[in-house]
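> Here is a sequence together with a model predicted from it:
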Amino acid sequence: MKKAKIYKPSKTAMQSGLKKFDKWILEFVTNDPTINPLMGWESSDDTLSELKLEFSSKDLALEYAKKNNIEYELIEPQKRKILKKSYSDNFIK
């Protein structure tokens, strides 16, 4: 079976909310992208690379991968560092 990665997507710099980032994604890894000779675009004949499965928890994603004998790599999300700032800090230093 193909190798997959299980991760929780991070928010982009253009977004401030965290509403849509509570899902875990199982995505298959493509090892051999090729160049399309007609258009010059990167393409692949592997249709599993287009598949992204969403799960509500990490445990469900891991259980699905084990049940279907999918070799996976788990990528844990990094914790956000929240720095408390005050408006008065602009004038003290």
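Thanks, I have it. Residues are numbered from 1 along each chain as shown.
> so where does E27 fall, helix or strand?
Element membership for E27, per DSSP states H and E: strand 24-28.
> Determine how far that strand lies from the middle of the whole chain.
Its chain's average C-alpha position is 7 Å from that of strand 24-28, according to C-alpha atoms, centre = their mean, to the nearest Å.
> tell me which strands and helices that strand is in contact with?
Applying 3 or more C-beta pairs under 8 Å, 6 or more residues apart in numbering; DSSP states H and E, we find strand 24-28 packed against strand 3-7, strand 52-55, helix 58-67. Bear in mind the C-beta positions are built from the backbone N, C-alpha and C, glycine included.
> Y7 and L48, how far apart?
Per C-beta to C-beta, to the nearest Å, Y7 is found 16 Å from L48.
> Which among the helices and strands packed on strand 24-28 is found nearest to Y87?
Within these, the stretch nearest Y87 is strand 3-7; the backing value is 36.3 Å (C-beta to C-beta).
> one step back: who has more neighbours, Y7 and L48?
Using other C-beta atoms under 10 Å as the criterion, Y7 and L48 rank with Y7 on top: 17 against 13.
> got the contact list for the residue nearest to the more buried one when sequence neighbours are not counted?
Nearest residue to Y7, sequence neighbours excluded (C-beta to C-beta, 6 or more residues apart in numbering): I75, at 4.0 Å. By C-beta atoms under 8 Å, 6 or more residues apart in numbering, the residues touching I75 are K5, I6, Y7, K8.
> Specify the beta-bridge partners of the first one.
Bridge pairing for K5 (DSSP bridges) gives the partners E27, E73.
> From what I see, it and E73 are in contact.
Yes. Using C-beta atoms under 8 Å, K5 is in contact with E73, at 4.8 Å.
> Overlap of the contact sets of these two?
Taking C-beta under 8 Å, 6+ apart as the criterion, K5 and E73 both touch V29.
> Going through the contacts of I75, which ones are buried?
I6, Y7, K8 (16 or more other C-beta atoms under 10 Å).
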